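>>> turn this into a model:
(2 chains)
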Amino acid sequence: MQPLIQVEYLVKRYSGRGVLGSGEVVSALNEVSFSVAPGKTLALVGASGSGKSTLALCLACLERPTSGRIWFEGRDIAALDEKQLRAVRPQIQLVFQDPASSLNPQFTALEIVTEPLLVQRKWGTREMHERALALLERIGLSRDMASRRTGEFSGGQRQRLAIARALSLAPKLLILDEALSSLDCSVQAQIANLLLELQSSLALTYLFITHDLAMAAHLGDEIAVMNRGRIVEQGVPEKVLRAPSHEATRCLAAATPGSIVTPRMPGAL
Amino acid sequence: MASILEVRNLHVAYCSRTGVASSAIVDVSFSVRPGEILGVLGESGSGKSTLAASLLRLLPASGNIQQGSILFEGRDVLQAEPRELESIRGRRIALIDQEPSAALHPTMRVGDQIGEVLAAHEYLDKKVRRDRVRQILETLFPAETERISSSYPHQLSGGQRQRVLIAQAIACGPSMVVADEPTASLDPTTQREILSVFQSLRQKFGLAIILITHNPSLLAGLADRVLVLYAGSVAEIGPTDSVLSSPLHPYTRALLRCLPPPLCGADEANRKAKLPVIAGDSPNPALLFPGCRFEPRCTDRFETCRKREPAAVSLSEGHTVSCFKFGG
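Numbering: from 1, shown residues only, chains lettered A, B, ... in the order given. Alright, predicted model coming up:
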């Protein structure tokens, strides 16, 4: 099948000009290549600082890669200019880790979900209203909660809202950057189920970024392991986890409870 | 062995500006033995941070300890005068907070920040203080004591910052540390590392540790006992192995079922299968109702559950559960 998104030799370097003026160049992404078929989930795992979030920002066209290509539905979106990107952005949406900081606490649930529709200027007020309400129901919030401010919702409900906002422009690719990490276990399960349900009913494609290997194995059709800006291992979860070939994967697996790889407790003191 | 901390029938409530009281901790009793690691497992709103703050009497002005007693090393924390409290806080019980980047001063060198903790508690000659700081840092950063000591927090990784907080906590040689979600913002490898730091501190200094977390998998292999907190009351408490592998309370059972299958059990057949969930939401603490707090979400409930609160029943060796299924 034609992949929905295909990344080829993506490189992102940051130069350390800044207050500290070290002048050194940091390679956040180093020749990253992968592809995701439509309707599938690629789970991207890796330790902090391995480049996962930089990759998310590049795919969402929020950061310009230094070099490399990002093919999305047959177009190289890394080469598009700002004006052309306006048409692509609604197709690729992001959900962040902490809904408490990614949602304006002054906004009502309805306003949060309507905001992206306003930006696109394609619909009249009544239609936007109807669409937003339908979305809220879809993600499990009742209509009478629509006028509540986001600050009044629980963590799980807020993450539902963040997902609803990401879905409001009917995207094809959803980038979930640690979207479950700040939630309680029981709420994680609820949101994971919601993501599964939305994926099968809306044929969504997910890039699921996480450091939780167990969740990655559960939700991912494939797992890619990142280490120091490179994808060091990729494959179906069972294969990657049963026989990790790279040290980074082994480290992650060992730190995950219930793993087959025996935990190596580092001699800390 | 005599316990180092005894909490008896603790009730804590918050009062809103409109005068509505909502109870955050309801009739919580437990004890901690010297050198023991007690895991407190609870989800958001279960009252776990309130519990941590109550132990040191650090509740915000709206929080109020209504009833109960907290005995620490034989001293009554709730009756202590401000002077006496000062000699307990930081010296005998230290608190490690959730967010290492927020707990450290951004423009002060790490070594000075640890020295500040020492200075707050005892008068020491400058040179003596510097030596003490170096000793403390050596326990946590044996390979790079000097570099860390002269670094600013932003130059350190998340795991290193968390170690600095631990260094501050143990600076005055306390006998107990209360750690509130100490690894929440770290990746799993670093998480393991920090947890093993706690383990070695216990071995080295006989430190008792209350480890508060929402993640049951962190407690396995680390905590001696686990206390499960639901909506401000103790659902069950017992040895870690028996609570995590054969939980009794319906809440603990449901919570542990929510976790994605362990890596060893991952196979293609259940991949992307729906995970079991706990129906409903945590109760609103402002809306008090009689009966078991988990009753509205419980799959095993019966008539009595709605009428009164279950009492704690001791079943096997040190495993206590508050549920009518077991007598209550």
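>>> just give the number of residues close to the residue of the stretch 201-328 of chain B found nearest chain A.
Of all residues in the stretch 201-328 of chain B, residue B:262 sits closest to chain A, at 2.3 Å by C-beta to the nearest C-beta. Placement of C-beta: from N, CA and C, glycine included. Neighbour count for residue B:262, taken as other C-beta atoms under 10 Å in any protein chain shown: 16.
>>> quick check: pLDDT value at it.
For residue B:262, the model assigns a pLDDT of 79.
>>> what do you get for residue A:118?
The model reports residue A:118 with a pLDDT of 91.
>>> specify the local secondary structure of the closest residue to residue B:228 other than its chain neighbours.
Excluding the flanking residues, the one nearest residue B:228 by C-beta to C-beta, 6 or more residues apart in numbering or on different chains is residue B:235, at 4.4 Å. Counting by DSSP: H, G, I helix; E, B strand; the rest coil, the backbone at residue B:235 sits in strand.
>>> give the contact list for residue B:235.
B:228, B:229, B:249, B:251, B:252, B:294, B:321, B:322, B:323 (C-beta atoms under 8 Å, 6 or more residues apart in numbering or on different chains).
>>> how about residue B:68?
Applying C-beta under 8 Å, 6+ apart, we find residue B:68 in contact with B:7, B:8, B:9, B:10, B:11, B:27, B:28, B:29, B:78.
>>> does the residue of the stretch 201-328 of chain B closest to chain A touch residue A:215 like I think?
No: Residue B:262 lies out of contact with residue A:215 (C-beta atoms under 8 Å); the separation is 11.4 Å.
>>> residue B:20: how many residues sit nearby?
Neighbour count for residue B:20, taken as other C-beta under 10 Å: 10.
>>> how close does it get to residue B:231?
As judged by C-beta to C-beta, to the nearest Å, residue B:20 and residue B:231 stand 17 Å apart.
>>> quick one, helices of the stretch 51-200 of chain A?
Along the stretch 51-200 of chain A, the segments classed as helices by DSSP state H, counting those that start in this stretch run A:52-59, A:82-88, A:99-102, A:109-120, A:125-138, A:155-167, A:185-202.
>>> hang on, the earlier thing: tell me the pLDDT at the residue nearest to residue B:228?
On the pLDDT scale, residue B:235 gets 96.
>>> likewise for residue A:64?
93.
>>> now do the same contact list for it.
By C-beta under 8 Å, 6+ apart, residue A:64 lies in contact with A:58, A:78.
>>> any idea how far residue A:11 is from it?
Counting by C-beta to C-beta - residue A:64 and residue A:11 are separated by 11 Å.
>>> and for residue B:195?
Applying C-beta to C-beta to residue B:195 and residue A:11 gives a distance of 36 Å.
>>> between these two, which one's more packed in?
Applying other C-beta under 10 Å to residue B:195 and residue A:11 shows that residue B:195 carries more neighbours, namely 24 against 16.
>>> could you find the closest non-adjacent residue to the more buried one?
Computed as C-beta to C-beta, 6+ apart, the closest residue to residue B:195 that is not its neighbour in sequence is residue B:222, at 5.5 Å.
>>> just residue A:89 next, same as before
Closest residue in space to residue A:89, ignoring its immediate chain neighbours: residue A:61 at 6.0 Å, by C-beta to C-beta, 6+ apart.
>>> count of residues packed around that neighbour?
20.
>>> quick check: it touching residue A:87?
No: the pair formed by residue A:61 and residue A:87 falls short of the contact definition of C-beta under 8 Å, at 10.9 Å.
>>> hang on, residue A:213 packs against residue A:253?
Yes: proximity of residue A:213 to residue A:253 meets the contact threshold set by C-beta under 8 Å, at 6.1 Å.
>>> so the two - more neighbours on which side?
residue A:213 (30 against 24).
>>> and the more buried one, how far is that from residue B:51?
Distance, residue A:213 to residue B:51, by C-beta to C-beta: 30 Å.
>>> same check, this time on residue B:292
Counting by C-beta to C-beta, the gap from residue B:292 to residue B:51 is 19 Å.
>>> low-confidence ranges in chain A?
For chain A, applying pLDDT under 70 flags the ranges A:16-23, A:257-269.
>>> all strands of it, in order?
For chain A, applying DSSP state E gives strands covering A:5-15, A:25-36, A:41-45, A:67-72, A:75-76, A:92-95, A:173-177, A:205-210, A:222-227, A:230-235.
>>> for residue A:73, list the residues it contacts.
Shown in contact with residue A:73 (C-beta under 8 Å, 6+ apart): A:4, A:91, A:172.
>>> most neighbours of all those residues, which one?
Neighbour counts for the contacts of residue A:73 peak at residue A:4, which has 21 neighbours (criterion: other C-beta under 10 Å).
>>> ok, now which ones touch that residue?
By C-beta under 8 Å, 6+ apart, the contact list for residue A:4 reads A:36, A:37, A:38, A:72, A:73, A:172, A:173, A:205.
>>> what segments of the stretch 101-250 of chain B are helices?
So, for the stretch 101-250 of chain B - with DSSP H, counting those that start in this stretch - the helices run B:110-121, B:126-140, B:145-149, B:158-170, B:188-205, B:216-219, B:240-245, B:250-257.
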